[in-house]
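Novice: sequence-free structure coming up:
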Ligand SMILES: [Zn+2]
């Protein structure tokens, strides 16, 4: 069973020292296989909004437990384009 997992980790923000939460997603083809297709999905400081994608030493990185996450097929931009195309199609007379 192919599943996608979301991994979250937390580390200190360079700017304000607040908690940065960073996420990666990885795919597991079955329960015993290694994770593949590992991608960063973003990182942001909860206190100041600074997008810091990597932890800087000596701050430790705390890893949270992986969460099963349903794959997202389309990016937000694709979704908007599709919605726009649908709206245009509806507006045309049949
Ligand atoms: Zn910050």
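Specialist: Happy to help now that I have it. Predicted model only: the values in this text are computed from it and were never measured.

Novice: any idea whether the residue sitting nearest the centre point of the chain is helix, strand or coil?
Specialist: Note on the chain: the residue nearest the mean C-alpha position is residue 41, at 2.9 Å, using CA atoms, centre = their mean. What DSSP: H, G, I helix; E, B strand; the rest coil gives for residue 41 is strand.

Novice: so it touches residue 25, yeah?
Specialist: Yes: with contacts counted by CB atoms under 8 Å, residue 41 reaches residue 25, the gap being 5.6 Å. (Glycine included, C-beta is placed from N, CA and C.)

Novice: Look up the residues that both of these two are in contact with.
Specialist: residue 6 (CB atoms under 8 Å, 6 or more residues apart in numbering).

Novice: low pLDDT regions in the chain?
Specialist: 72-94 (pLDDT under 70).

Novice: Show me where it has its helices.
Specialist: 76-91 (DSSP state H).
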